[in-house]
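**Q** Mind folding the following:
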Amino acid sequence: MNNKLKMIGFAGVVIILFFIFQYKLLDTNTWESWNLPLSGKIIYLDPGHGGADGGADSGEGNAKVYEKDIAFNVAVMLRDYFQEQGALVILTREEDRDLAPEGMKGYSRRKTEDLKKRLDLINSSNADLYLSIHLNSIPSGRWSGAQTFYNPKFKENKEVATSIQSELIRNLENTKREAKGIQNVYLVKHINKPGALVEIGFLSNPGEKANLMTEKYQQKVAASIYEGVLKYYDEKTDEE
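**A** Model (predicted):
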């Protein structure tokens, strides 16, 4: 009888310990999930241009540098940063191509259809935020500096753009430009999600071009944008 009671008691202890362990495991996983700052967020990244549309460029022949390539590299780095913090990240393009229908002729027509497709992808999604990544280039080589643009129609756009720009200024230490509201850029004007366009530098400036070509600087740019987004969401949480 005593042995039977001992066995029942031992089994009871094992069952209790099992449930305690399961509770702790569930509690730990849940706590870690809650602690990821971007958990549940959907972020749409739009690396500009692609395929025959190289965007801004600089140099000649094999030494030519294209906006489309650097923008894509930075977008992929950003995707990794955001995913590590719990976000679901979608890219408008996953390779070097535009989004115009296959077989469509004419550069101008393809460009128009490409922009329409990007707009449709972002607007028809459940994205909480979009970021379009581009580079600048002008005839003069004197201008430099990353700058964030936004549609002033929605206050969230200004908030996230200002937050990103402040981190670009702080981390890159080579720009004093401020976030700027615009309504003359097709995507910025028509996207109905919170977000911003980030022009990460000037390929027409020799010094900045040299930086933008390096993986180290691209990582620095991506980290700055990422930190700006984290700061934006952190401030929104404080307001709530």
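**Q** Going by C-alpha atoms from here, please, whenever you check contacts or count neighbours.
**A** Fine.
**Q** how about low-confidence regions in this protein?
**A** For the chain, the stretches flagged by pLDDT under 70 are 1-34, 240.
**Q** Report the separation between G141 and E208.
**A** 10 Å (Cα to Cα, to the nearest Å).
**Q** Among these two, which residue is more densely surrounded?
**A** In this view G141 and E208 are compared by other Cα atoms under 10 Å, and E208 has more residues nearby, 20 against 14.
**Q** counting contacts, what elements does the strand or helix carrying that one pack onto?
**A** Assigned by DSSP states H and E, E208 belongs to helix 206-212. Packing contacts for helix 206-212, counted by 3 or more Cα pairs under 8 Å, 6 or more residues apart in numbering; DSSP states H and E, involve strand 195-202, helix 215-239.
**Q** Return the set of buried residues in whatever helix or strand K158 lives in.
**A** Secondary structure assignment for K158, by DSSP H and E: helix 155-172. Within helix 155-172, the residues that count as buried by 16 or more other Cα atoms under 10 Å are 156-169, 171.
**Q** same thing with stretch 173-186?
**A** 175, 178-181.
**Q** Run the chain-centre distance for that stretch.
**A** Mean-position distance between stretch 173-186 and its chain equals 17 Å (Cα atoms, centre = their mean, to the nearest Å).
**Q** who touches it?
**A** 115, 144-152, 158, 161-162, 165-166, 168-169, 188-189 (Cα atoms under 8 Å, 6 or more residues apart in numbering).
**Q** and the buried residues of stretch 173-186 as TSV, adding distance to I122 and secondary structure?
**A** Below are the buried residues of stretch 173-186 laid out as TSV (distance: Cα to Cα, whole Å; DSSP: H, G, I helix; E, B strand; the rest coil):
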residue	distance to I122	secondary structure
T175	29	coil
E178	25	coil
A179	22	coil
K180	22	strand
G181	20	strand
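**Q** care to break the chain down by domain?
**A** The chain breaks down by automatic domain parsing into domains covering 1-35, 38-239.
**Q** most packed of those domains?
**A** domain 38-239 (a mean of 18; mean count of other Cα atoms under 10 Å).
**Q** And A87, how close does it get to L78?
**A** From A87 to L78 the distance is 11 Å (Cα to Cα).
**Q** cool, V188 as well?
**A** According to Cα to Cα, V188 stands 20 Å off from L78.
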